[in-house]
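Peer 1: Based on what follows, work out the 3D shape:
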Amino acid sequence: MAKAANPSKDKLVGDLKAIITDAEELLALTADQTGDKLGDLRGRIGERLVSAKERLSEAEAALIDSGKKAARATDDYVHEHPWQSLGVAAGVAFLLGLLASRR
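Peer 2: Residues are numbered from 1 along each chain as shown. Predicted structure coming up:
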């Protein structure tokens with residue numbers, strides 16, 4: 001449900017996961033390289049990747065939670081006001097039918 005509600009946020013999460021995967025692969029490929037500066041850089045990148053993964057999983061959990069809350073709120077509203085919900089759905093269907101018939 002959250003994916004349908006926030007496609008841009010989902011794309012951002014997907015892009016960040018891809019960046020993290022690429023950075024991990026880069027670290028693995030440069031593991032045999034030596035040097036103090038390179039070792040320090042690898043250490044900093046590794047720490048930042050761990051931090052980014054934690055924040056990304058927290059953000060993803062928050063997105064899922066907000067999507068579930070929205071779905072629950074919608075479900076509760078429809079159960080509490082079935083006739084109003086039916087009227088709104090009929091009105092939207094009518095308007096879409098008018099727009100489709102004009103093409």
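Peer 1: Share the number of residues neighbouring S57, please.
Peer 2: 12 (other Cβ atoms under 10 Å). Any C-beta I mention is one placed from the backbone N, CA and C, and that applies to glycine too.
Peer 1: To clarify, my last question referred to V13.
Peer 2: Neighbours of V13 using other Cβ under 10 Å come to 17.
Peer 1: Output whichever helix or strand it is part of in CSV, but only the C-alpha positions, please.
Peer 2: Taking DSSP states H and E as the definition, V13 sits inside helix 7-29. Taking Å, rounded to 0.1, in the frame of the first residue of the first chain, the C-alpha atoms of helix 7-29 are listed here in CSV:
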residue,chain,number,x,y,z
PRO,A,7,6.3,6.2,-5.5
SER,A,8,9.0,9.0,-5.3
LYS,A,9,10.0,7.9,-1.8
ASP,A,10,10.1,4.3,-2.8
LYS,A,11,12.3,5.2,-5.8
LEU,A,12,14.6,7.2,-3.4
VAL,A,13,14.8,4.2,-1.1
GLY,A,14,15.6,1.9,-4.0
ASP,A,15,18.3,4.3,-5.3
LEU,A,16,19.9,4.5,-1.9
LYS,A,17,20.0,0.7,-1.6
ALA,A,18,21.7,0.6,-5.0
ILE,A,19,24.3,3.2,-4.0
ILE,A,20,25.0,1.2,-0.8
THR,A,21,25.4,-2.0,-2.7
ASP,A,22,27.8,-0.3,-5.2
ALA,A,23,29.8,1.2,-2.4
GLU,A,24,30.1,-2.2,-0.7
GLU,A,25,31.2,-3.7,-3.9
LEU,A,26,33.8,-0.9,-4.4
LEU,A,27,35.2,-1.6,-0.9
ALA,A,28,35.4,-5.3,-1.6
LEU,A,29,37.3,-4.6,-4.9
